[in-house]
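**Student:** With the sequence up front, the predicted model follows.
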Amino acid sequence: MHGMVNRALQGFIVANYGPDVWAEVRSVARLPEDGFEAMHRYDHAVTLTCFGAAVDVLGKHPNALLEDIGTYLVTDPQLEPLRRLLRFGGGTFMEFLVSLEELPDRARLAMPELEMPEITLHAEGCGLFTISARWPVPGIAPLLLGALRAMADDYGALAFLELAGIEGGRERLRVRIFDTDFNEGKAFSLGQVAP
């Protein structure tokens, strides 16, 4: 697993629960004191061990923790470049959803070595979509659920999202869009404005 994934877990815990809680997670998972290096590759077992330690220390259900991490990835000000990468997917939440299958290729332009989930979108009509994803470690659907809920808010869309189980080794979720212009979304422009 790319170190950025593990570093995101570390960053989430420090930002939301503090460095003492991260130190406890690190100790339970038997990680080095300096944590994860962003550009290093780690065995998937290290990622799973760290996540399991976080679940135990925080006392959260794994899906709830993954959803919170997905939200963090989109909303934390330190991760604005990721939000910008996602917003390049379209001018509305609907356009963004339709472009999800292209997300791994867009991400690889910025970081070729990053393992991205394989995402498939199936439009069922009337604003209903089923998303299926495959990733080397379990939990991509709740992670996407948190990120997509945050993106719906970012676009100002009113949408309902829910986990939809696992089928053929692919984790699934459903998205129903009720209104793409429900609220005013967050400001976004293709070019960054100079300070």
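**Tutor:** In hand now; what should we look at?

**Student:** so the residue nearest to the spatial centre of the chain is in which element?
**Tutor:** Centroid check for the chain by C-alpha atoms, centre = their mean gives residue 70 as the closest residue, at 3.5 Å. Taking DSSP states H and E as the definition, residue 70 sits inside helix 62-75.

**Student:** surely the residue nearest to the centre of the chain meets residue 142?
**Tutor:** Yes - counting by C-beta atoms under 8 Å, residue 142 is a contact partner of residue 70 at 7.0 Å. To be clear about C-beta, it is placed using only N, CA and C from the backbone, and glycine gets the same treatment.

**Student:** Which elements pack onto the helix or strand just after the helix holding residue 70?
**Tutor:** Per DSSP H and E, the first helix or strand lying C-terminal to helix 62-75 is helix 80-87. Judged by 3 or more C-beta pairs under 8 Å, 6 or more residues apart in numbering; DSSP states H and E, the packing partners of helix 80-87 are helix 62-75, helix 103-110, helix 140-155.

**Student:** any idea which of these is most buried?
**Tutor:** Greatest average neighbour count among those goes to helix 140-155 (a mean of 23), per mean count of other C-beta atoms under 10 Å.

**Student:** just checking, next helix/strand downstream of it?
**Tutor:** strand 158-167.

**Student:** List the buried residues in the helix or strand just after that following strand.
**Tutor:** Next helix or strand after strand 158-167 toward the C-terminus (DSSP H and E): strand 170-179. For strand 170-179, a neighbour-count test (16 or more other C-beta atoms under 10 Å) marks 170-175, 177 as buried.

**Student:** Just put those residues in CSV and tack on pLDDT.
**Tutor:** Shown next, in CSV, are the buried residues of strand 170-179 (pLDDT from 0 to 100):
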residue, pLDDT
170, 95
171, 96
172, 97
173, 96
174, 97
175, 97
177, 93
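
**Student:** hmm, back to that, so for residue 120, which of the helices and strands packed on helix 80-87 sits nearest?
**Tutor:** helix 103-110 (11.1 Å; C-beta to C-beta).

**Student:** isn't residue 184 right next to residue 156, touching?
**Tutor:** Yes - counting by C-beta under 8 Å, residue 184 touches residue 156, with 5.3 Å between them.
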